[in-house]
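> sequence first, then the predicted structure, then my questions.
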Amino acid sequence: MNMMNCPVRELTEELIRRESVTPNDTGCLEVIGNRLERLGFRLERIDQKGVSNLWATFGNEGPMVCFAGHTDVVPIGDLKQWSSDPFVPTQTEDGHLRGRGAADMKSSLAAMVVACEEFLGTDHLPKGRISFLLTSDEEGPATDGTRAVVEVLKARQAESGRPEIDYCIIGEPSSKDILGDMIRVGRRGSLNARITIHGIQGHVAYPELVDNPIHSVASLIFDLVAADWDGEANDYFPPTSFQVSNIESGTGATNMVPGSAVIRCNWRFSTSTSADHIKETTAAMINRLGSHASIEWNLSGEPFLTKHGTLITAVKTVIKQQMGITTDLSTGGGTSDGRFIAKLGCELIELGPINRSIHKIDEEIKISDMPELKNLYRGILQELVG
């Protein structure tokens, strides 16, 4: 294929030119929606609080295959460090397409759209339904995007009694070294805490008159790091990890014990534990120290997991046929909108470009991977509803 005339590349470049820094969409959904509408998709905008959301569906009967993703991108950082304008798609000497969103994840969206155009362009009706769930609020707070659409779909699912989504493919950049060498079948949960230990301020020369919260924080951190949060091994997830990201305390004076100390921390946890268990265990540790504390909790997402089933079998089969490799199943990385979609009870995986450059200066995708990614998506459609 002449890569200059590759339809996936052409659509990717059109999307990159739109400066859709989160939560702005800047017309990306309109571009995609117009292409889908010409195929016979029914378009529904579920915009909320300045966030652009699109739910597009094709067909009326059979299992639903959903392509999901986001049009928003992270900020560019220092423009001077970019080799070219991040919103002007540029071909590099080594055969990559550079631009913000090239890998995360405008190329995936383009590949999904073109895959559907080719799949439905054969004039045969699929043995199921196809949908797109797209948002401009994934890289930001992620409160009014996919999460909001899923709430609408959950209500419809409860009313109709049939799944709104059976199989979901999210275009997050999952590949490590070669396109398709890794897919994500789940993600860890993320729990944040701001723990304030309250002590008694005073002069360092009179330890009997003070209660040093920094000392208590040190003991608490030791206990939190040493804890076994899971209790049992998990075949799909690494052990739950705990990390302290910030410590705040002190008055700036060397002869004063401060009245409080604050730590900000995070747990990335598996399905072997729960946010409630982590909260209860942390509170018990503080009580054993005899410290007075206040805690602000923020649950960013619950863990989710798709075990071997119809979707994973189909994806592994297509990758083996087209790429000649056996894909690895992973639950690593941060969070994704999969944590919201999984609540619909569907099988869900993430399959997309190589993730080496995402969120970085000079983000890029290998140009030859673009039609290959489209072929993978089309092959999955054929396996599931062809």
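Everything's here; your move.

> low-confidence stretches in the stretch 201-350 of the chain?
Across the stretch 201-350 of the chain, nothing is flagged by pLDDT under 70.

> can you map out the strands along it?
Under the criterion DSSP state E, counting those that start in this stretch, strands of the stretch 201-350 of the chain are mapped to 202-203, 241-249, 256-257, 260-269, 292-301, 304-305, 328-330, 347-350.

> let's have these in CSV, adding distance to residue 79.
Just so you know, the C-beta spots here come from the backbone N, C-alpha and C atoms, and that holds for glycine as well. Below are the strands of the stretch 201-350 of the chain laid out as CSV (distance: least, CB to CB, whole Å):
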stretch, distance to residue 79
strand 202-203, 50
strand 241-249, 28
strand 256-257, 44
strand 260-269, 30
strand 292-301, 30
strand 304-305, 37
strand 328-330, 33
strand 347-350, 30
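
> please identify the deepest-packed of those strands.
strand 347-350 (a mean of 25; mean count of other CB atoms under 10 Å).

> show me the contact partners of the helix or strand just after it.
Next in sequence after strand 347-350, counting helices and strands by DSSP states H and E, comes strand 364-366. Contact partners of strand 364-366, identified using CB atoms under 8 Å, 6 or more residues apart in numbering, comprise 12, 92, 95-99, 102-103, 107, 179, 353-354, 357.

> neighbours around the residue nearest to residue 83 when sequence neighbours are not counted, how many?
Sequence neighbours aside, residue 362 is the residue nearest to residue 83 in space, at 5.4 Å (criterion: CB to CB, 6 or more residues apart in numbering). Neighbourhood size, residue 362 [other CB atoms under 10 Å]: 17.

> equivalent analysis for residue 11, please.
Residues near residue 11, counting by other CB under 10 Å: 24.

> and it, what's its pLDDT?
Residue 11 carries a pLDDT value of 98.

> which residues sit in contact with it?
By CB under 8 Å, 6+ apart, the residues touching residue 11 are 31, 35, 109-110, 113-114.

> for the stretch 1-150 of the chain, just list every one of the helices.
Remark: helices assigned in the stretch 1-150 of the chain by DSSP state H, counting those that start in this stretch are 7-16, 28-39, 107-120, 146-160.

> for the third one, buried residues please.
The reference is to helix 107-120. Using 16 or more other CB atoms under 10 Å as the test for burial, helix 107-120 gives 107-117, 119-120.

> same question for the shortest one.
Buried residues in helix 7-16, counted by 16+ other CB under 10 Å: 7-9, 11-16.

> equivalent analysis for stretch 317-330, please.
For stretch 317-330, using 16+ other CB under 10 Å, the buried residues are 318-319, 323, 327, 329-330.

> circling back to that earlier point, of the buried residues of helix 7-16, which is the nearest to residue 347?
Residue 347 lies nearest to residue 8 out of the buried residues of helix 7-16, by CB to CB, at 25.2 Å.

> wait, the closest one touches residue 372, no?
No. Applying CB atoms under 8 Å as the test, residue 8 and residue 372 come out as separate, 9.3 Å apart.

> the closest residue to residue 100 other than its chain neighbours: neighbouring residues, count only.
Nearest non-adjacent residue to residue 100, counting by CB to CB, 6+ apart: residue 86, 4.1 Å away. The local packing of residue 86 (other CB under 10 Å) involves 24 other residues.

> if we can go back for a sec, can you redo the buried residues of helix 107-120 as CSV with pLDDT and distance to residue 207?
Formatted as CSV, the buried residues of helix 107-120 follow (pLDDT from 0 to 100; distance: CB to CB, whole Å):
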residue, pLDDT, distance to residue 207
107, 98, 61
108, 98, 59
109, 98, 62
110, 98, 65
111, 98, 65
112, 98, 64
113, 98, 68
114, 98, 70
115, 98, 69
116, 97, 70
117, 97, 74
119, 96, 74
120, 95, 76
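
> and those as TSV, adding distance to residue 191?
Putting the buried residues of helix 107-120 into TSV (distance: CB to CB, whole Å) gives the following:
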residue	distance to residue 191
107	32
108	28
109	30
110	35
111	34
112	32
113	36
114	39
115	36
116	37
117	41
119	40
120	42
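
> closest one of these to residue 259?
Closest approach to residue 259 among these (CB to CB): residue 108, at 50.6 Å.

> quick one: the residue lying closest to the closest one once chain neighbours are set aside from residue 317, how far?
Spatially, and ignoring its direct neighbours in sequence, residue 108 is nearest to residue 171 (2.7 Å; CB to CB, 6+ apart). Distance, residue 171 to residue 317, by CB to CB, to the nearest Å: 19 Å.

> same check, this time on residue 323
Distance from residue 323 to residue 317, by CB to CB: 11 Å.

> now swap in residue 329 and tell me
To residue 317, residue 329 is 14 Å away according to CB to CB.

> please apply the same query to residue 351.
Applying CB to CB, the value for residue 351 to residue 317 is 13 Å.

> same check on residue 225?
Relative to residue 317, and taking CB to CB, residue 225 is found at 42 Å.

> got it, and residue 297?
Taken as CB to CB, the span from residue 297 to residue 317 is 42 Å.

> now do the contacts for the spatially closest residue to residue 143 that is not a sequence neighbour.
Of all residues not flanking residue 143 in the chain, residue 137 sits nearest, at 7.1 Å (CB to CB, 6+ apart). Shown in contact with residue 137 (CB under 8 Å, 6+ apart): 22-23, 51, 53, 70, 72, 143-146.

> nice, that's everything, thank you.
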